[in-house]
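Engineer: I'll drop the sequence and a predicted model, then ask my questions.
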Amino acid sequence: MVRIAVSGHRGLPEETAALIDGAVREALAEYLPGVTGLSCLADGADQVFARAVLDLGGVLEVVVPAKEYREGLPGECHAAYDELLGRAVRTHRLEFVESTSESHMAASARMLDDADVLFAVWDGQPARGYGGTADVVAEARQREVPVRVIWPDGAQRG
């Protein structure tokens, strides 16, 4: 069973989220059957990826960066976070209390520990802060974890 981690942009415009959903599903189809998705379930690319994995018959493992992680997500994403977390076959909880850049990067590193490939839903630009997608891509490449960049034509960062 191939294990695919995800890192990607948050706060995606609705049109971009739809484009990314299609592109993620297309990319996942190449690994079916038997996909395990690894996600932190942040709003945006993480939740799009997690839902696609489950819809396509895969299983989901979640890495929760910090005890206060959910509270740091936009309120409109809490219901989806709770639902997806409830569908996870395994949850890894890091020991951080506060949801910070450091805890997010540590969670990404934890996902990479178990990943065969990283799906980077990424426009190729530098991270806006430590622990962003560009940093996760750099970490994956340093570890020699294959990176698959997913950024469909017409997609825009929020």
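Structural biologist: Arrived safely.

Engineer: quick one: buried residues of the helix or strand residue 95 falls within?
Structural biologist: Counting by DSSP states H and E, the element that carries residue 95 is strand 90-96. Buried positions in strand 90-96, judged by neighbour count with 16 or more other C-beta atoms under 10 Å: 92, 94, 96. C-beta: built from backbone N, CA, C; applies to glycine.

Engineer: dump that strand to CSV, restricted to CA.
Structural biologist: Taking C-alpha atoms only, strand 90-96 is exported to CSV below (Å, rounded to 0.1, in the frame of the first residue of the first chain):
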residue,chain,number,x,y,z
ARG,A,90,-5.0,6.2,12.8
THR,A,91,-4.2,9.5,14.5
HIS,A,92,-0.8,10.6,15.4
ARG,A,93,-0.8,13.5,18.0
LEU,A,94,2.3,15.5,18.5
GLU,A,95,3.2,16.8,22.0
PHE,A,96,3.0,20.5,21.2
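
Engineer: what pairs with it, parallel or antiparallel?
Structural biologist: strand 59-66 (parallel) (DSSP bridges).

Engineer: hmm, back to that, residues in contact with the strand holding residue 95?
Structural biologist: 61-67, 85, 102-103, 106-107, 110 (C-beta atoms under 8 Å, 6 or more residues apart in numbering).

Engineer: the same query, at a cut-off of 6 Å, please.
Structural biologist: 61-66, 103, 106-107 (C-beta atoms under 6 Å, 6 or more residues apart in numbering).

Engineer: pLDDT added to those residues, as CSV?
Structural biologist: Formatted as CSV, these follow (pLDDT from 0 to 100):
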residue, pLDDT
61, 98
62, 98
63, 98
64, 98
65, 98
66, 97
103, 97
106, 98
107, 98
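
Engineer: buried among those residues? Need that as a selection in ChimeraX.
Structural biologist: In ChimeraX, this line selects whichever of those come out buried by 16+ other C-beta under 10 Å:
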select :61,62,63,64,65,66,103,106,107
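
Engineer: fine by me, thanks again.
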